[in-house]
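*Asks:* When you get a sec, could you give me coordinates for this:
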Amino acid sequence: MVFLIQITRIFSNHVEIIEINQTQLDQYARIPISFEVHTVFEVVLTRNGLGGICFTERPVASGHYLKDYDQFGSPLSWAVEFDIQNWGIFMAMDGGLAVGGATVAWNTAGNDMLEGRRDLSVLWDIRVLPVMRGHGIGKLLFEYAAAWSRSRDCEEMKIETQNINVAACRFYSAMGAELGDIRRFAYHSQALIAHEVQLNWYLRL
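*Replies:* Numbers count the residues shown, from 1 in each chain. Alright, predicted model coming up:
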């Protein structure tokens, strides 16, 4: 049975999720996505991988550093790079304050993350105002993104993150997503992030 979204809002305490369009991305982009990196998941191979792969959490050598995904592609650049007319863009509102946002890519030609599939969506972006993190807003946004994807007959929702985002890895796992592939050399052509490992998670819908 296909789940159909009949309304564009879900409520939890004082927070509501609303759907917006690309003309409102300037408001969306004001929500910070940066976070401090204190530990990373080091990918450890046994017998070059034949004996298995495991993650070992270790502190970063410098103690911590700031990671800001918007430095590598702000929401304001999405419409320049892709046709985003089929994308779902959501904001979490607490009264008049935007406290979070999420974006789902779907049915977009030229977007390699979608693997050429119509039954796959990609959680392109999820962000929560720093002072509101840890209060369930990310969970609300994730669940809304999954429901939106189901309503478009998607069988899976894909999520890309990296081994330096330990909190995100734990969050996606807790939300029921499974680690689908590990790309150790995905960013080797990008000097600033060449040390990061790409992790692609998949949520079965």
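
*Asks:* Mind pulling up the pLDDT for the residue of the chain positioned farthest from its centre?
*Replies:* In the chain, the residue that sits farthest from the middle, by C-alpha atoms, centre = their mean, is residue 47; the gap is 31.8 Å. What the model reports as pLDDT for residue 47 is 94.

*Asks:* Kindly provide the distance from it to residue 163.
*Replies:* Residue 47 is 21 Å from residue 163, where distance means C-beta to C-beta, to the nearest Å. Just so you know, the C-beta spots here come from the backbone N, C-alpha and C atoms, and that holds for glycine as well.

*Asks:* Distance check, residue 200 against residue 120.
*Replies:* Residue 200 is 11 Å from residue 120, where distance means C-beta to C-beta.

*Asks:* With residue 44 instead?
*Replies:* 30 Å.

*Asks:* of those two, who's got more company?
*Replies:* More crowded of residue 44 and residue 120, by other C-beta atoms under 10 Å: residue 120, with 20 against 11.

*Asks:* which residues does the more buried one contact?
*Replies:* 106, 114, 154, 155, 156, 157, 158 (C-beta atoms under 8 Å, 6 or more residues apart in numbering).

*Asks:* ok, of those residues, which come out buried?
*Replies:* Applying 16 or more other C-beta atoms under 10 Å to those, the neighbour count classes 106, 114, 154, 156, 157, 158 as buried.

*Asks:* Give the pairing partners of the helix or strand hosting residue 89; include direction for each.
*Replies:* Remark: residue 89 resides in strand 88-94, with elements defined by DSSP states H and E. Partners of strand 88-94 in the sheet, by DSSP bridges, are strand 15-20 (antiparallel), strand 97-106 (antiparallel).

*Asks:* ok and the next helix or strand after the last one relative to strand 97-106, angle-wise?
*Replies:* When you say that, I think you mean strand 97-106. Next helix or strand after strand 97-106 toward the C-terminus (DSSP H and E): strand 120-128. Here strand 120-128 runs at an angle of 160 degrees relative to strand 97-106 (axes from the mean of the first three to the mean of the last three C-alpha atoms, to 10 degrees).

*Asks:* pLDDT averaged over strand 120-128 - what is it?
*Replies:* For strand 120-128, mean pLDDT is 98.

*Asks:* Give me the helices and strands touching the helix or strand just after that strand, please.
*Replies:* Next helix or strand after strand 120-128 toward the C-terminus (DSSP H and E): helix 137-150. Packing partners of helix 137-150 (3 or more C-beta pairs under 8 Å, 6 or more residues apart in numbering; DSSP states H and E): strand 15-20, strand 88-94, strand 97-106, strand 120-128, strand 156-162.

*Asks:* tell me the angle the shortest one makes with helix 137-150.
*Replies:* The reference is to strand 15-20. 40 degrees.

*Asks:* Identify the residues contacting strand 15-20?
*Replies:* 8-10, 27-28, 88-94, 99-100, 137, 140-141, 144.

*Asks:* which residues touch the residue nearest to residue 139 when sequence neighbours are not counted?
*Replies:* Closest residue to residue 139 in three dimensions, ignoring its sequence neighbours and counting by C-beta to C-beta, 6 or more residues apart in numbering: residue 175, at 7.0 Å. Residues counted as contacts of residue 175 (C-beta under 8 Å, 6+ apart) are 139, 142, 143, 203.
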